[in-house]
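Peer 1: missing the sequence, but the structure's below:
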């Protein structure tokens, strides 16, 4: 990957490399989402999965969110789960219910049904979207590609959808470590191909979302998750920064660091200062405003954003974000205001 | 409260005081619950709330669970929410839906509708159950009384039920700290009266469940929760051990310790050894097997229980428990087996 000087010196990529910046860069997880009127306008015309699979529309909502908010990076509009379709899973986004997998892996003996993704051709709509976005995006705005981490994908495959207690996932993991390893290796090999293709198509940064791994104990994360995450991150080109994001368990942060990533995501459950210390100052951190702060008045939002910036101590390597995705019914003006507040208060 | 010698020297109360024990004591959160055939037998005859409000039945399921499992403490069968009824909230347990509050506090101006509990008389069914249980319980088995912590109760009052993101609760907390303080103070004063009456009726230990406080950042917990929890624990008689339990955020453990409690609950998200170090060895700890371990085979359960015991290093002050309540469909034989395993492996 050859970076233009504008991208190389962009505020966002400088922060990923822990280099000094003029002000703290910010983007918002799920920034092209339901809180945004421009996004809802598109969604009135097409279903979620259609939007994911139509490169022109995915590009449109990606670009609009970046432009409307004035954030320092765009993130590809896509979903964690469509990669599972060419791997043999029957995925449906039922209205109002979240994703459903109609043929979940119910036992260790069924793991063999999950095929490693040999070719990414069937996911070309993702890479087409990347190319369209990169062409239109401002020259100094990096495009973030992403994928779900193997634990999070495995939990969908085994539970057949989202889950409260991950009973089936953990039971398979605890009782048949061999089958678990097979599943995680197939997912990991597939994810590497998928992410490399995103980079080839024009992404400058990769974020890996381990949205559900916070349900694990440190010992289980170390044994059942970390080696696979490390293999994936190790297989990506070193010059593309990786943001390793996990939510729901601050005790896992030192292990997240060990798994790899140039930038480690912090959710709001941890004080950013302590979280960064746990991760180590040789890495960047991303976070970590409580997303629910955005329902408050602007004065409160400003005060809470300042608390996050204060905890970051203007240290190079901080990317401002929420601790998790923006919620669907948050006032969109508040999200825009937050971007301006961070740029103003974060100025060096 | 005058303790008999049998209770004073019981394995459980010795552990609460960080004194040496012959083996590690164990009880199971929600031990009188749906996984237990004897409990389901009673539930086929009465609804959940009827069971809570009929002292003879509440006593029966409490005593049966202790006897069948052979655990080192009984816990009063009751629920966190009925205390809200005499405080002016209209509570319903809808079948299969969890608790609903029909008149939630939707704004700061409605906080005044929540009345401080001046008399605990309307909750006499709870204290009657305590007296019945204490009369029948083995002489060396303490009875744990309990209540929900004020944050957890406030979140039910404001959300009208359980919640995913606590949007209304946090918005009130963030934007109107005065109204929040009023609500927390009313809850705290009410909880003190309720817990004192449980102790008067015959409980030897109190557990405070802050089941949902893990959704808070350390700064918010420190400002909005800690002072109230500290006031409650400080108002209870010093000779009654308090177990301060919170789930979902290991980063809050040092603040939990500051709030008080003789024993601090650890969920499975933290390594017990690190969790105890964060809490300090002058306190006991309770925990912390992942509840989902109980779906595995006995060999796996044994290995995972041993990991918890190894992390506790036979240090006096460890009470074995799951990291959160036992799940409804877990095989009941496995729960019984766990009790025996812990007593066997924990022997000094």
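Peer 2: Arrived safely, thanks for sending. Treat the numbers as computed from the prediction; the structure is a model and nothing was measured.

Peer 1: Can you tell me the closest non-neighbouring residue to residue A:53?
Peer 2: Setting aside the residues directly before and after it, residue A:53 is nearest to residue A:125 in space (CB to CB, 6 or more residues apart in numbering or on different chains), at 4.8 Å. Just so you know, the C-beta spots here come from the backbone N, C-alpha and C atoms, and that holds for glycine as well.

Peer 1: neighbours around residue A:244, how many?
Peer 2: When neighbours are counted by other CB atoms under 10 Å in any protein chain shown, residue A:244 registers 26.

Peer 1: Direction included, what does the host helix or strand of it pair against?
Peer 2: Taking DSSP states H and E as the definition, residue A:244 sits inside strand A:242-246. Looking at strand A:242-246 with DSSP bridges, its partner strands are strand A:205-210 (parallel), strand A:263-265 (parallel).

Peer 1: if we can go back for a sec, confirm for me that the residue nearest to residue A:53 is in contact with residue A:50.
Peer 2: No. Using CB atoms under 8 Å, residue A:125 makes no contact with residue A:50, being 10.3 Å away.

Peer 1: Spell out which parts of the stretch 151-300 of chain A neighbour chain B.
Peer 2: Residues of the stretch 151-300 of chain A lying close to chain B by CB under 8 Å from any CB of the partner chain are A:165-167, A:170-171, A:174-175, A:214-220, A:248-252, A:268-271, A:274-275, A:290-293, A:295-297, A:300.

Peer 1: quick one: the helices in the stretch 201-348 of chain A?
Peer 2: Secondary structure of the stretch 201-348 of chain A (DSSP state H, counting those that start in this stretch): helices at A:218-224, A:226-235, A:253-259, A:272-279, A:298-312, A:332-345.

Peer 1: now the stretch 51-200 of chain A
Peer 2: Going by DSSP H, counting those that start in this stretch, the stretch 51-200 of chain A shows helices at A:55-69, A:124-136, A:150-159, A:167-175, A:177-201.

Peer 1: Show me what the last one is packed against.
Peer 2: In terms of contacts (3 or more CB pairs under 8 Å, 6 or more residues apart in numbering or on different chains; DSSP states H and E), helix A:177-201 is packed against helix A:124-136, strand A:143-148, helix A:150-159, helix A:167-175, strand A:205-210, helix A:218-224, helix A:226-235.

Peer 1: need the ones you listed in a markdown table with mean neighbour count and mean pLDDT, can you?
Peer 2: Output for the helices and strands packed on helix A:177-201, formatted as a markdown table (neighbours: other CB atoms under 10 Å in any protein chain shown; pLDDT from 0 to 100):
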| stretch | mean neighbour count | mean pLDDT |
| --- | --- | --- |
| helix A:124-136 | 19 | 98 |
| strand A:143-148 | 23 | 98 |
| helix A:150-159 | 25 | 98 |
| helix A:167-175 | 22 | 97 |
| strand A:205-210 | 24 | 98 |
| helix A:218-224 | 20 | 98 |
| helix A:226-235 | 19 | 98 |
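
Peer 1: burial measure for residue A:344, as a count.
Peer 2: Applying other CB under 10 Å, I find that residue A:344 has 12 neighbouring residues.

Peer 1: If we ignore the residues flanking it in sequence, what's nearest it?
Peer 2: residue A:23 (7.8 Å).

Peer 1: contacting residues for that neighbour?
Peer 2: A:11, A:342, A:343, A:344, A:346, A:347, A:348 (CB atoms under 8 Å, 6 or more residues apart in numbering or on different chains).

Peer 1: what's the distance between the first one and residue B:29?
Peer 2: I take that to be residue A:11. Separation of residue A:11 from residue B:29 (CB to CB, to the nearest Å): 48 Å.

Peer 1: Kindly report the residues of the stretch 1-150 of chain A close to chain B.
Peer 2: Checking the stretch 1-150 of chain A against chain B by CB under 8 Å from any CB, there are no hits.

Peer 1: Which residue does the stretch 1-150 of chain A have closest to chain B?
Peer 2: At 11.7 Å from chain B, residue A:98 is the closest residue in the stretch 1-150 of chain A, using CB to the nearest CB.

Peer 1: Chain neighbours aside, what residue packs nearest to that residue?
Peer 2: In space, residue A:98 is closest to residue A:162, 5.4 Å off (CB to CB, 6+ apart).

Peer 1: got a list of what that neighbour touches?
Peer 2: Residue A:162 touches A:98, A:99, A:156, counting by CB under 8 Å, 6+ apart.

Peer 1: Quick check: it vs chain B, distance?
Peer 2: Note on residue A:162: its distance to chain B, by CB to the nearest CB, to the nearest Å, is 11 Å.

Peer 1: any low-confidence regions in the stretch 201-348 of chain A?
Peer 2: Along the stretch 201-348 of chain A, no part satisfies pLDDT under 70.

Peer 1: Surely residue A:302 touches residue A:342?
Peer 2: No. With contacts counted by CB under 8 Å, residue A:302 stays clear of residue A:342, the gap being 9.7 Å.

Peer 1: quick revisit: among the residues of the stretch 151-300 of chain A next to chain B, name the buried ones.
Peer 2: Listed as buried from these are A:166-167, A:170-171, A:174-175, A:214-220, A:248-252, A:268-271, A:274-275, A:290-293, A:295-296, A:300; burial here means 16 or more other CB atoms under 10 Å in any protein chain shown.

Peer 1: still on that earlier bit, please report the distance of the residue nearest to residue A:98 from residue A:100.
Peer 2: 9 Å.

Peer 1: What residues does the closest residue to residue A:113 other than its chain neighbours make contact with?
Peer 2: Of all residues not flanking residue A:113 in the chain, residue A:88 sits nearest, at 5.7 Å (CB to CB, 6+ apart). Residue A:88 makes contact with A:103, A:113, A:114, A:115, according to CB under 8 Å, 6+ apart.

Peer 1: Dump these into TSV; add neighbour count and pLDDT as well.
Peer 2: Compiled in TSV, the contacts of residue A:88 are given as follows (neighbours: other CB under 10 Å; pLDDT from 0 to 100):
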residue	neighbour count	pLDDT
A:103	14	97
A:113	13	96
A:114	22	97
A:115	12	97
